[in-house]
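Visitor: Turn this into a structure:
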Amino acid sequence: MGKTRSWITPFKKQCFVTVGVSVNMAAHGLLIGFAAILLPQLRKPDSVIPIDDASGSWIASILGFALVAGNFIVPTIMAKYGRRTANLASLAPMLVGWFFVILATNITTLLIARLLQGLAMGMSASLGPVLIGEYTSPMNRGAFLTFISLSIATGVLCVHTLGSFLTWQVTALVIACVVFADLLIVMYSPESPSWLADQGRYDECRHVFRWLRGHGEDDELEKMIEASKMVRDAKAFEKISDTLAKKLRSNFGYINTTMRKKEFYKPIFIMIHIYTLGQWAGANVISAYTIDLFKHIIGDGVNLPLIMITLDIQRILSNSMAVFVIRKVKRRTMLFATVGINLFAFLSIAVYTYCKGYNLLPFDHPAIGIALIHIHMFSIATGTVPLPFIIAGELFPLEYRSLAGGISVLFLSFNLFLTVKTAPFLFKTIGVYGAYILYASVVGYCLIVSLIFLPETKDRTLQEIEDEFRGRPLSPEELKFTQSLSYLNLYNTDRRFSSPLI
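Guide: You can find the predicted model right below:
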């Protein structure tokens with residue numbers, strides 16, 4: 001038996017559980033990319049669901065609006081029932097949504113389907129980086145977190161390729177089968193060892209941790225369990241009153257105490273800017289309005305579906321390269337380099353489209369626009385898409401991971417909705433060049449803030465990162481004797497009722 005299973009190494013087990021999370025995260029690419037093949041088919045004269053520009057923008061952008069609801073729901077499930085259960089729960093509305101798309105005969109049904117799918121996206125957006133961060137070892141964590149963006153890019157390629165040859169209904173059916181296969185993978189994945197430790201289930205925690213990591217990282221395991229025990233001892237040190245008045249006072253006291261903690265508000269502040277940067281960097285706009293952008297930047301007279309597929313292939317290749325580069329290069333260096341290329345691409349495309357629109361170019365060829373779009377996509381695939389998920393998986397402390405992650409992803413949701421919804425309006429009013437200058441301004445601001453406040457997280461344990469935000473390790477005496485009654489009471493509330501506090 002030992003020889004039979006010897007090839008199943010801890011690394012391969014981490015790959016297996018990461019696939020379950022990453023395919024769920026691929027839904028972001030599938031859903032955003034689906035708009036690029038759905039809207040042109042619905043605009044055809046013989047379409048069963050005729051649309052105009054306003055309804056089309058709602059179909060594309062309503063995902064971001066629904067993401068907010070997913071952010072409110074998932075922290076409670078993550079904290080009370082576990083990360084794996086939350087992952088399963090996020091797949092249910094996604095699967096139902098795809099079947100609604102398949103059966104849709106009017107805009108209302110499509111919008112309901114996209115709302116359900118956006119709800120699932122909101123849940124997985126908060127959950128995915130946290131779960132991979134807790135499943136995987138510090139050495140491989142960055143690479144595994146990069147698989148999130150690789151899966152998103154693969155999702156975009158798959159849906160664009162399928163949509164170039166199949167109807168949108170058949171494309172939706174194929175995607176529904178992929179979601180169901182992912183459901184089976186998640187069902188056979190274990191619970192997060194960090195959550196098991198947080199629940200005081202230490203034997204299960206050790207079993208799962210060693211199943212995932214082997215016995216070479218027992219030091220991290222024991223530190224995690226010891227930290228959990230100290231917090232649980234601190235909770236037991238105080239007797240929590242059951243009266244409603246004292247619970248309310250405790251809740252307000254906890255909020256006041258928590259909001260003042262550096263390890264709580266600093267990661268949130270950083271991730272607000274990182275998520276905003278990621279959404280304004282152009283990935284969603286390119287994925288949702290691919291054909292429209294190509295017509296503005298490249299022009300007519302070229303094979304736009306073929307260029308769309310080659311761009312998606314380049315995105316996957318760039319993502320694959322990022323998986324290896326992220327293991328060698330520091331996070332801050334990677335952020336500065338890739339976002340710098342992104343800003344160059346934005347400004348170059350803005351100048352090019354402006355000169356093209358006013359006939360100021362001494363020479364023009366479709367290859368120029370294609371090259372600029374590929375440079376832009378390279379910056380997206382290697383930096384602005386993977387890095388927010390990587391950093392989110394490393395930045396939040398265990399105690400506030402559900403709550404802080406949910407608050408931060410609210411800004412991902414809002415900015416996703418805002419960029420996709422306003423893109424057609426911006427292109428018509430101020431042109432592609434004006435829109436891209438606006439995007440570059442937002443991205444540039446977020447980059448400056450991120451570089452000022454973001455600590456280096458590469459090859460560091462989650463506990464070390466948390467200690468840096470706090471300024472020092474938290475001693476057992478501080479845990480046991482300086483935690484207030486309100487802090488301890490709402491420590492439970494954070495796990496049971498995280499979402500109302502957001």
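Visitor: Helices of the stretch 251-400 of the chain, residue ranges please.
Guide: Remark: helices assigned in the stretch 251-400 of the chain by DSSP state H, counting those that start in this stretch are 262-280, 283-288, 290-297, 304-325, 331-357, 366-379, 386-395.
Visitor: Tell me which of the ones you listed sits nearest to Leu38.
Guide: Nearest of the helices of the stretch 251-400 of the chain to Leu38, taken as C-beta to C-beta: helix 283-288 at 9.7 Å. The C-beta positions use only the backbone N, C-alpha and C, and glycine is treated the same way.
Visitor: Tabulate the CA atom coordinates of that closest one in CSV.
Guide: Extracted in CSV, the C-alpha atoms of helix 283-288 (Å, rounded to 0.1, in the frame of the first residue of the first chain):
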residue,chain,number,x,y,z
ALA,A,283,-8.8,43.1,-17.6
ASN,A,284,-12.5,43.2,-17.3
VAL,A,285,-13.1,45.9,-19.9
ILE,A,286,-11.0,44.0,-22.5
SER,A,287,-12.8,40.6,-21.6
ALA,A,288,-16.3,42.1,-21.7
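Visitor: And the residue of the chain positioned farthest from its centre, how close does it get to Gly431?
Guide: In the chain, the residue that sits farthest from the middle, by C-alpha atoms, centre = their mean, is Pro362; the gap is 42.3 Å. Distance of Pro362 to Gly431, computed by C-beta to C-beta, to the nearest Å: 21 Å.
Visitor: re the thing from before, worst mean pLDDT among the helices of the stretch 251-400 of the chain?
Guide: Of all these, the minimum mean pLDDT falls on helix 386-395 (a mean of 81).
Visitor: buried set for the helix or strand following it?
Guide: Beyond helix 386-395 in the direction of the C-terminus, DSSP states H and E gives the next helix or strand as helix 401-429. Residues of helix 401-429 classed as buried under the neighbour-count rule (16 or more other C-beta atoms under 10 Å) are 401-424, 426-427.
Visitor: Neighbours of Cys366, how many?
Guide: That one is not Cys; residue 366 is Pro. Using other C-beta atoms under 10 Å as the criterion, Pro366 is surrounded by 15 other residues.
Visitor: now it: how far from Ile349?
Guide: Distance from Pro366 to Ile349, by C-beta to C-beta: 14 Å.
Visitor: Please apply the same query to Phe209.
Guide: 47 Å.
Visitor: what do you get for Leu426?
Guide: 14 Å.
Visitor: Kindly report the same for Lys328.
Guide: 30 Å.
Visitor: out of those two, which sits in the more crowded spot?
Guide: A count of neighbours by other C-beta under 10 Å puts Ile349 above the other of Lys328 and Ile349, at 26 against 10.
Visitor: is it true that the more buried one touches Ile297?
Guide: Yes - between Ile349 and Ile297 there is a contact under C-beta atoms under 8 Å: 6.3 Å.
Visitor: Need the residues touching each of these two.
Guide: Residues within reach of Ile349 and of Ile297 at once, by C-beta atoms under 8 Å, 6 or more residues apart in numbering, are 369, 372-373, 432.
Visitor: Between these, which sits nearest Ser228?
Guide: Ile373 (48.4 Å).
Visitor: count of neighbours near that closest one?
Guide: Neighbours of Ile373 using other C-beta under 10 Å come to 23.
Visitor: what's the answer for the one 4 residues further on, then?
Guide: If you count neighbours by other C-beta under 10 Å, Met377 ends up with 22.
Visitor: do the same with Ile8
Guide: Neighbours of Ile8 (other C-beta under 10 Å): 11.
Visitor: So it: helix, strand or coil?
Guide: At Ile8 the chain is in coil, as set by DSSP: H, G, I helix; E, B strand; the rest coil.
Visitor: Would you mind measuring from it to Asn284?
Guide: Where Asn284 is concerned, Ile8 sits at a distance of 38 Å (C-beta to C-beta).
Visitor: try Phe324
Guide: In terms of C-beta to C-beta, Phe324 sits 25 Å off from Asn284.
Visitor: next one: Leu410
Guide: Counting by C-beta to C-beta, the gap from Leu410 to Asn284 is 16 Å.
Visitor: likewise Lys330?
Guide: 27 Å.
Visitor: Looking at those two, which one has more neighbours?
Guide: Asn284 (29 against 14).
Visitor: Contacts only, for the more buried one.
Guide: 32, 416, 419-420.
Visitor: Tell me which two of these sit farthest apart.
Guide: Top of the distance list for the contacts of Asn284 (C-beta to C-beta): Ile32 and Thr419, 10.6 Å.
Visitor: where in this protein is pLDDT low?
Guide: Within the chain, the stretches with pLDDT under 70 are 1-6, 231-259, 398-399, 402, 472-502.
Visitor: centroid residue for it?
Guide: Ala125 (4.1 Å).
Visitor: which SSE is that residue in?
Guide: helix 107-135.
Visitor: and what of Arg206?
Guide: Per DSSP H and E: helix 202-213 holds Arg206.
Visitor: could I get the helices of the stretch 251-400 of the chain as TSV with distance to Trp98?
Guide: As requested, those are exported to TSV (distance: least, C-beta to C-beta, whole Å):
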stretch	distance to Trp98
helix 262-280	24
helix 283-288	17
helix 290-297	21
helix 304-325	20
helix 331-357	32
helix 366-379	26
helix 386-395	23
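Visitor: among the ones you listed, which is nearest Gly20?
Guide: helix 386-395 (15.2 Å).
Visitor: which other residues reach the closest one?
Guide: In contact with helix 386-395 (C-beta under 8 Å, 6+ apart) are residues 25, 128-130, 132-133, 141-142, 145-146, 148-150, 267, 270-271, 274-275, 277-278, 319, 322, 326, 331, 334-335, 338, 405, 408, 412, 454, 457, 460, 462, 465.
Visitor: tell me which element the closest residue to Lys266 other than its chain neighbours is part of?
Guide: The shortest distance from Lys266 to any non-neighbouring residue, by C-beta to C-beta, 6 or more residues apart in numbering, is to Phe469 (5.0 Å). Following DSSP H and E, one finds Phe469 within helix 462-470.
Visitor: Run through the neighbouring helices and strands of that helix.
Guide: Applying 3 or more C-beta pairs under 8 Å, 6 or more residues apart in numbering; DSSP states H and E, we find helix 462-470 packed against helix 218-237, helix 262-280, helix 386-395.
Visitor: how far out from the middle of the chain is it?
Guide: Here the centre of mass of C-alpha atoms in helix 462-470, compared against the chain's by C-alpha atoms, centre = their mean, to the nearest Å, lies 22 Å away.
Visitor: could you check the angle helix 401-429 makes with it?
Guide: Computed by axes from the mean of the first three to the mean of the last three C-alpha atoms, to 10 degrees, the angle separating helix 462-470 from helix 401-429 equals 70 degrees.
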